[in-house]
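**Q** sequence first, then the predicted structure:
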Amino acid sequence: MLGASSTTRAFVYEVTGLKQNEETSKFNYPVRNSSSQFIRVPVDRMNEEMRRITRMGGTIVAIHPFGAIPAKETAAAAE
């Protein structure tokens with residue numbers, strides 16, 4: 001059985017190369033091309049999020065424990 005601390009743990013993925021494609025067209029909002037985006041991911045959804053990012057044409061360039069990166073990047077991940 002997982003403890004409470006494992007359900008609250010999260011990581012931040014630094015992702016490059018996201019672009020509008022068939023998968024992202026299903027969203028109600030456009031995906032912009034940018035150099036890097038930061039996505040906060042709960043530990044229990046890490047594999048699912050990796051697959052989603054790959055389907056969207058992105059590349060994960062770094063993974064950090066949430067709270068272990070500069071505040072600017074953390075704020076971007078919370079959006």
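**A** That came through, no problem. Numbering: from 1, shown residues only.

**Q** any idea which helix is longest in the protein?
**A** What stands out as the longest helix in the chain, according to DSSP state H, is helix 46-55.

**Q** output the contacting helices and strands for that one.
**A** Using 3 or more CB pairs under 8 Å, 6 or more residues apart in numbering; DSSP states H and E, the elements in contact with helix 46-55 are strand 10-16, strand 37-42, strand 59-65. Placement of C-beta: from N, CA and C, glycine included.

**Q** what comes up buried for it?
**A** Across helix 46-55, burial judged by 16 or more other CB atoms under 10 Å covers 49-50, 53.

**Q** contacting residues for the residue nearest to Ile53 when sequence neighbours are not counted?
**A** Among residues not flanking Ile53 along the chain, Val15 sits closest, at 5.6 Å (CB to CB, 6 or more residues apart in numbering). Residues near Val15 by CB atoms under 8 Å, 6 or more residues apart in numbering: 36-39, 53, 58-61.

**Q** gap between Val15 and Arg51?
**A** 13 Å (CB to CB, to the nearest Å).

**Q** also Pro42?
**A** Taken as CB to CB, the span from Pro42 to Arg51 is 15 Å.

**Q** sketch out the low-pLDDT regions of this structure for me.
**A** For the chain, applying pLDDT under 70 flags the ranges 1-7, 19-34, 69-79.
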